[in-house]
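Novice: based on what follows, work out the 3D shape:
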Amino acid sequence: MKRIKVLFILSLFCSIAYGQSKFTTRNAHVQFFSNAPLEDIKATSDQARGGVDLESNQILFIVPIKSFEFKKKLMQKHFNEQYLESDKFPTAKFEGSFSKPLKINSQEPQLVKFNGTITIHGVTKEISEEVKITLQQNEIKAHSEFILKTKDFKIKIPRILIKNIAEEIEVEIKANLKQIKP
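Specialist: The predicted model follows:
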């Protein structure tokens, strides 16, 4: 009987500790910006889903391509049909890890490198960028900005539109991840 109690307490402790290291979001903000000579293009999505496991340092984010909204509906249509082919490639995905463990007891913002793979338009590419992380009681706030190149993801820009769409796209991600309760 004593052995059963010890196993029960040990499993309870493990499940509590396991849950305390995991954080998730269903509404992370992703924005991209194309600064070209003739036209600036900006699109945003608040439908990115993601998770962080502080125990393993693992990160996963997925954003539905069709969730990006543009000021001009025609841009949105061209983006989905011609450039990102969102019916064929419905999501963009990042899977990776932090390069070092976060300081869990610190509430000061931490600048940490993340490494992994990003898949857009059916093409997977390794990336290594920085993210500013702020740990609060039951929440992680994350903010990152980086550049992606359209050619790296086989996104073809017609020569006639080369002055309308930049070859380098500025990406910004803001996420508030809530702790998963055991």
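
Novice: taking the mean pLDDT, what do you get for stretch 53-65?
Specialist: For stretch 53-65, mean pLDDT rounds to 96.

Novice: so what would you say the end-to-end distance of it is?
Specialist: With CA to CA, to the nearest Å as the measure, the ends of stretch 53-65 fall 25 Å from one another.

Novice: over to stretch 136-155?
Specialist: Per CA to CA, the first residue of stretch 136-155 is 39 Å away from its last.

Novice: what residues does that stretch touch?
Specialist: Residues outside stretch 136-155 that contact it (CB atoms under 8 Å, 6 or more residues apart in numbering) are 23, 32, 52, 83-84, 107, 114, 118, 120-123, 125, 127, 129-134, 156-157, 165-179. Any C-beta I mention is one placed from the backbone N, CA and C, and that applies to glycine too.

Novice: in the chain, which residue is closest to the centre?
Specialist: Nearest to the mean C-alpha position of the chain, counting by CA atoms, centre = their mean, stands residue 61 at 4.1 Å.

Novice: next one: that residue from residue 177, what distance?
Specialist: 10 Å (CB to CB, to the nearest Å).

Novice: what do those two both touch?
Specialist: Counting by CB under 8 Å, 6+ apart, the residues touching both residue 61 and residue 177 are 28, 50, 51.

Novice: what about the first one, which helix or strand?
Specialist: It stands for residue 28. Per DSSP states H and E, residue 28 falls inside strand 22-35.

Novice: continuing past that strand, what's the next helix or strand?
Specialist: Once the chain leaves strand 22-35, the next helix or strand it forms, by DSSP H and E, is strand 40-53.

Novice: and that following strand with strand 22-35, angle?
Specialist: Between the axes of strand 40-53 and strand 22-35, defined by axes from the mean of the first three to the mean of the last three CA atoms, to 10 degrees, the angle is 160 degrees.
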